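1. What follows is a predicted structure for the sequence shown.
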Amino acid sequence: MSKKVADVLWEMLTKAGVKRCYGIVGDALNPVVDALRRNGAIEFVPVRHEEYGVFAAVAEAYFTGNPVVVCGTAGPGVVHLFNGLMDARKEAAPIIAIAGDVESSIIDTSTLEELNPYKFFEAASLYTARLVNPEQARAVINTAILTAVLEKGPTVLSIPGDVASADAPDQPTDFTIAAPAILRPSDTDLDKLVRMIDEAKTVALFGGDGCREGRDEVVELACKLKAPVGYSFRGKQWLEHENPNAVGMTGLMGYGGAYNALHEADLLLMLGTDFPFSEFLPGASVKKVQIDKNPKHIGRRTALDLGLVGDIKSTVSALLPAVREKTDGDFLARQIAHTESFHTLLQHYVEKGPGIKPIRPEFLAATLSELASDDAMFFADTGTACIWLARPIYGGTNRRLFGSFSWASMANAAPNAFGCALAYPGRQCIALCGDGGFTMLGMGDLLTQIERRTPVVQVILNNEKFDFVHIEQQEAGIIPFGVEFKNPNFAKIAEAMGAKGIRIEEPEDVREGLAEALAYKDGPVVVDAVVDPLALAMPSHSPLHTVKGFTLSFAKQVLSGRLDTVIKEMERNVGIV
Ligand SMILES: Cc1ncc(C[n+]2csc(CCOP(=O)(O)OP(=O)(O)O)c2C)c(N)n1
Ligand SMILES: [Mg+2]
């Protein structure tokens, strides 16, 4: 049999290092998956919802750096890929989406399931190609692969079934993928920066995901400058561990001394971060320098005194020998003390947690962090799970933390954990799920985990509400509305589906229940943790409008006859330790 276009596709994807393809088959994709089956080198992971497959792929691609393929078929199946591809774009994960397309002879006739891929994927995809002629194959597959891997994000190949099953032209299928280029600022700009650092009495560093490569250099620079190191959510896993200068996060999830460090320093160095919450960054009283390999990130969140384009590893390596060592450690010591008092507070939750009912999520998460293995991978749904991932869960050298941090979609954690459980067999993959998130996407595809007996631990924060929105609405000064719902017993549902289910209602059962879940290796576990629906977590620094908003919302709730709820919320969150 002669080689088909779809054979060339899988041949090239295999050469690009693709290990898995997640998705749902059907019509236009049938010749594509038939070729995948013939090829045999790439595992097909059938899912129950295409979006679940994409979130799984995003986590795998982000951590391994290898491209991962997702597929959905013409029209509706393709549409289900979209939210996950937006996530891939924002989290910088190399994903190649194969979108089934209508027959090439009826393109642009508004036929059944027809969708214009160029228009539809415009916001998500870094490169979209519609394969309407077999002669395009080598060039467009090559571009989709290289763009996804080198620009780190999603690309789309829209393929009509007739083109996929057409004979492939005799074209070479070999290509090379360059290692990341080294990028550092000009000597003139570096000299300027060295002068600014040397002139500043106190320096603070604030790092993001861009510190992933170069974290050792950043820590070394911080030690030389006696500079506290704060981080964004995406920077936490690279900068928190084995860093004597770590002072926590700033922003909505903020804790420790980070906010103060950033605001009290003479000079702030923002390293590889596109942290979007400008209100948590200092104003003109602090000199600010930003270094990022992406020029679009420079200066868009705050006005700068200097903006440099470079990757963090090579830029900081170049800075290290050039800057003068600082000798005064007072500023650093103050921020560290602030951070330590936060950790002491957290320890209170761990100690007092078993006696506080309903279960405090801080206690649940801190206990999980204590029991999980040193190389566990944690994933959080967008919602309050992010707060508990950011604060009580400790990263550690080999631990990994992930979520929809920049796109902020709900329902990502269970599929993220599933993707990493496949990519890193033997490692604990733990999803902190909202009950809203789990019922949105996680519950149906629990079946996928069950069928494959994939050992994913999903801990559901069962608070019978969209708690994050409940907090948001109060912060905005309005009466919480549309945020409550009723849940079934998730542990029983999990058992009925064929997974292990553990229900935890009593605080004194938290440790034992989590330990049992983590020890189970024979397939997925659902821990249904009934947590306090009124748990509030304020950032270490609350902007004035937040405080005003809560006051106004509480007042409105009291006036509308909800005094009981307000009192309960106060009692549960004030003076709990
Ligand atoms: C797909 C999607 N829909 C809606 C939102 C808005 N949103 C953000 S957090 C949230 C609530 C999440 O509720 P749940 O999963 O129960 O987690 P909780 O905050 O209660 O822990 C909502 C509705 C979103 N981010 N993504
Ligand atoms: Mg909830």
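-> Cool, the structure landed. Ligands and ions are numbered 1, 2, ... in the order given.

2. near ligand 2, which residues of the stretch 301-450 of the chain?
-> Within the stretch 301-450 of the chain, the positions near ligand 2 by Cβ under 5 Å from the ion are 434, 435, 436. Just so you know, the C-beta spots here come from the backbone N, C-alpha and C atoms, and that holds for glycine as well.

3. Could you report the neighbour count for the residue nearest to the last one when sequence neighbours are not counted?
-> Taking Cβ to Cβ, 6 or more residues apart in numbering, and ignoring the residues beside it in sequence, residue 436 has residue 466 as its nearest neighbour in space, at 5.0 Å. Close neighbours of residue 466, defined as other Cβ atoms under 10 Å, add up to 22.

4. Among the residues of the stretch 301-450 of the chain next to ligand 2, which ones are in helices?
-> 435, 436 (DSSP state H).

5. Can you tell me which of the residues of the stretch 301-450 of the chain next to ligand 2 is nearest residue 502?
-> Residue 502 has its nearest neighbour among those in residue 435, at 15.1 Å by Cβ to Cβ.

6. Surely that closest one is in contact with residue 468?
-> No: counting by Cβ atoms under 8 Å, residue 435 does not reach residue 468; the two are 11.6 Å apart.

7. Between the two, which has more neighbouring residues?
-> A count of neighbours by other Cβ under 10 Å puts residue 435 above the other of residue 435 and residue 468, at 28 against 24.

8. per-residue pLDDT, the closest residue to ligand 1 within the chain?
-> In the chain, no residue comes nearer to ligand 1 than residue 434, which is 2.0 Å away by Cβ to the nearest ligand atom. Note on residue 434: pLDDT of 98.

9. and the nearest residue to it once chain neighbours are set aside, how many neighbours does it have?
-> Leaving aside its chain neighbours, residue 434 sits nearest to residue 383 (3.8 Å; criterion: Cβ to Cβ, 6+ apart). Neighbour count for residue 383, taken as other Cβ under 10 Å: 27.

10. show me the contacts for residue 383.
-> 410, 434, 436, 437, 461, 466, 467, 468 (Cβ atoms under 8 Å, 6 or more residues apart in numbering).

11. list the contacts for the second one?
-> What it means is residue 434. 381, 382, 383, 384, 385, 410, 411, 460, 461, 466, 467, 468 are the contacts of residue 434 under Cβ under 8 Å, 6+ apart.

12. re earlier: which member of the residues of the stretch 301-450 of the chain next to ligand 2 is positioned nearest residue 525?
-> Out of these, the member with the shortest distance to residue 525 (by Cβ to Cβ) is residue 435, at 16.1 Å.

13. what's the nearest residue to the closest one if we skip its chain neighbours?
-> residue 462 (5.0 Å).

14. what about residue 482, neighbour count?
-> Residues near residue 482, counting by other Cβ under 10 Å: 10.

15. Now the element after the helix or strand where residue 89 lies, going C-ward?
-> Per DSSP states H and E, residue 89 falls inside helix 82-91. Using DSSP H and E, the helix or strand that follows helix 82-91 in sequence is strand 95-101.

16. for that following strand, which positions count as buried?
-> Neighbour counts over strand 95-101 (16 or more other Cβ atoms under 10 Å) mark 95, 96, 97, 98, 99, 100, 101 as buried.

17. In CSV: those, plus pLDDT and distance to residue 520.
-> CSV is the format used below for these (pLDDT from 0 to 100; distance: Cβ to Cβ, whole Å):
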residue, pLDDT, distance to residue 520
95, 98, 30
96, 98, 34
97, 98, 34
98, 98, 35
99, 97, 37
100, 96, 37
101, 96, 42
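
18. quick check, nearest of these to residue 317?
-> Out of those, the member with the shortest distance to residue 317 (by Cβ to Cβ) is residue 95, at 30.6 Å.

19. Let me see the backbone angles for residue 302.
-> Per-residue torsions, residue 302: phi -160, psi 150 (degrees, to the nearest 10).

20. burial count for it?
-> Counted with other Cβ under 10 Å, residue 302 comes out at 18.

21. ok, now which ones touch it?
-> So residue 302 contacts 278, 281, 282, 288 (Cβ under 8 Å, 6+ apart).

22. Looking at those, which has the smallest pLDDT value?
-> residue 278 (92).

23. Pretty sure residue 22 sits against residue 72.
-> No: assessed by Cβ under 8 Å, residue 22 is found out of contact with residue 72, at 9.6 Å.

24. For residue 396, grab the count of nearby residues.
-> 18.

25. Let me see the contact set for it.
-> 241, 374.

26. The chain should start at 50 in everything you say after this.
-> In the new count, where the first residue is 50, that last one comes out as residue 445.

27. which SS class is it?
-> Following DSSP: H, G, I helix; E, B strand; the rest coil, residue 445 is assigned to coil.

28. same deal with the one 10 residues further on?
-> Using three-state DSSP, the secondary structure recorded for residue 455 is coil.

29. shouldn't it be in contact with residue 142?
-> No: with contacts counted by Cβ under 8 Å, residue 455 stays clear of residue 142, the gap being 10.7 Å.

30. which one of those two has more residues nearby?
-> residue 142 (29 against 19).

31. Could you double-check that that one lies in contact with residue 106?
-> Yes: when contacts are counted by Cβ under 8 Å, residue 142 is listed as touching residue 106 (7.5 Å).

32. Identify the contacts common to those two.
-> residue 117.

33. Point out where the stretch 500-626 of the chain drops to low pLDDT.
-> Residue ranges of the stretch 500-626 of the chain with pLDDT under 70: 586-593, 596, 601, 604-605, 607-613, 615-617, 619-626.

34. So which residues on it come close to ligand 2?
-> 512, 516.

35. all strands in the stretch 500-626 of the chain, in order from the N-terminus.
-> For the stretch 500-626 of the chain, the strands defined by DSSP state E, counting those that start in this stretch cover 505-511, 549-553, 574-579.

36. any chance of the ones you listed in CSV, plus mean neighbour count and distance to residue 381?
-> Shown next, in CSV, are those (neighbours: other Cβ atoms under 10 Å; distance: least, Cβ to Cβ, whole Å):
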stretch, mean neighbour count, distance to residue 381
strand 505-511, 29, 36
strand 549-553, 21, 40
strand 574-579, 27, 38
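
37. Reformat these as CSV; add distance to ligand 1.
-> Below are the strands of the stretch 500-626 of the chain laid out as CSV (distance: least, Cβ to the nearest ligand atom, whole Å):
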stretch, distance to ligand 1
strand 505-511, 5
strand 549-553, 16
strand 574-579, 11
